[in-house]
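Engineer: Task: produce atomic coordinates for the following.
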Amino acid sequence: MNFLKIENKKSLFIISDKEIEPENLDKDDLLEILSTVFENHKDTKFPSSEALDTIINPIEKEIVEHIVYKIKELHSNIPHIKQEINNRFPQLE
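Structural biologist: Numbers count the residues shown, from 1 in each chain. Okay, the predicted model is just below:
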């Protein structure tokens, strides 16, 4: 699952088949990205650093890098989070 598309030195976040520029993201868009990554963490694909380096607008690049970093942070913690939820609420499995 790709949540980010980089083409022609610009980036677009992919949210429910919509493509949104980083500067136009709102909190609901971010929540949807995080929720989708949580639900599909095994299929999540991250952009390479080389791809991120192709973004020419420095502000856009900073926004994208920060969001990708936070998504990677969540992604690496998902197994632990799911295990903790299952341990605390076994009846929800």
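Engineer: where along the chain do the strands fall?
Structural biologist: In the chain, strands defined by DSSP state E lie at 4-7, 10-15, 18-20, listed in chain order.
Engineer: of all those, which lies closest to Ser35?
Structural biologist: Closest of those to Ser35 is strand 10-15, at 10.2 Å (criterion: C-beta to C-beta). Where C-beta positions appear, they are placed from N, C-alpha and C, glycine not excepted.
Engineer: re earlier: now the strands of the chain in a markdown table, with mean pLDDT, distance to Lys45 and mean neighbour count?
Structural biologist: Shown next, in a markdown table, are those (pLDDT from 0 to 100; distance: least, C-beta to C-beta, whole Å; neighbours: other C-beta atoms under 10 Å):
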| stretch | mean pLDDT | distance to Lys45 | mean neighbour count |
| --- | --- | --- | --- |
| strand 4-7 | 96 | 9 | 15 |
| strand 10-15 | 96 | 11 | 19 |
| strand 18-20 | 96 | 16 | 13 |
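Engineer: doesn't Leu52 make contact with Glu65?
Structural biologist: Yes. Between Glu65 and Leu52 there is a contact under C-beta atoms under 8 Å: 6.0 Å.
Engineer: Just want the phi and psi numbers for Phe46.
Structural biologist: Dihedral angles of Phe46 (phi, psi; degrees, to the nearest 10) stand at phi -100, psi 150.
Engineer: give me the number of residues near it?
Structural biologist: Around Phe46 there are 15 other residues, counting by other C-beta atoms under 10 Å.
Engineer: wait, isn't it in contact with Glu73?
Structural biologist: No. At 11.6 Å, Phe46 does not count as touching Glu73 under the criterion of C-beta under 8 Å.
Engineer: quick one, the longest helix seen in the chain and strand 10-15 angle?
Structural biologist: The helix spanning the most residues in the chain, taking DSSP state H as the definition, is helix 58-88. Calculated by axes from the mean of the first three to the mean of the last three C-alpha atoms, to 10 degrees, helix 58-88 forms an angle of 30 degrees with strand 10-15.
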